[in-house]
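Student: fold the following.
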Amino acid sequence: MKVEELLSYATYAKQYAYAPYSNFQVGAAVLTSSGKVYTGCNIENASYGATNCAERTAFFKAISEGERDFKAIAIVSSSQDETFPCGICRQVMMEFMPDGIVILETKEKQIKQYRVQELLPYAFTKKDF
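Tutor: All right, here's what the predicted structure looks like:
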């Protein structure tokens, strides 16, 4: 799948964001090794700790359907600029796709790609216990 196509899935998912507190909508699309795509949006809550990021929403949807092997994730936001995943999302990515690619798009429509290990170089992993 082309990165532009995965970004379009993330853009589509962004419209479903529930962000009445921050007004910051995020969409994500994860690509499985089998070629399936699962999308997610951010879902806020008045109790901020109960908020869920778009990235984790997409991963958790896929995982709840039996997926365990991922290749990439595309992330877009209402800022229209690169939106890096938070630390919790990076940790989830490390769990399920340590060699995966994070795809972001700049305001100038440049596509940037990062390896998960670049974004979380000293992650806590199964090897640590």
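
Student: okay, CA-based contacts and neighbour counts for the rest of this
Tutor: Noted.

Student: dihedrals phi and psi, the most centrally placed residue in the chain?
Tutor: Central residue of the chain (C-alpha atoms, centre = their mean): Glu55, 3.0 Å from the mean position. Dihedral pair for Glu55: phi -60, psi -50, per degrees, to the nearest 10.

Student: kindly report the same for the one 3 residues further on.
Tutor: The phi and psi values for Ala58, taken as degrees, to the nearest 10, are phi -60, psi -50.

Student: look up the residues forming beta bridges with the nearest residue to it once chain neighbours are set aside.
Tutor: Residue nearest to Ala58 in three dimensions, not counting chain neighbours: Gly40, with 4.1 Å by C-alpha to C-alpha, 6 or more residues apart in numbering. Gly40 forms beta bridges with Ala28, as assigned by DSSP bridges.

Student: quick one on the thing from earlier: who's the closest spatial neighbour of the residue nearest to the centre of the chain, skipping the chain neighbours?
Tutor: Ala28 (5.4 Å).

Student: thought the one you found was touching Thr11?
Tutor: Yes - using C-alpha atoms under 8 Å, Ala28 makes contact with Thr11 at a distance of 7.4 Å.
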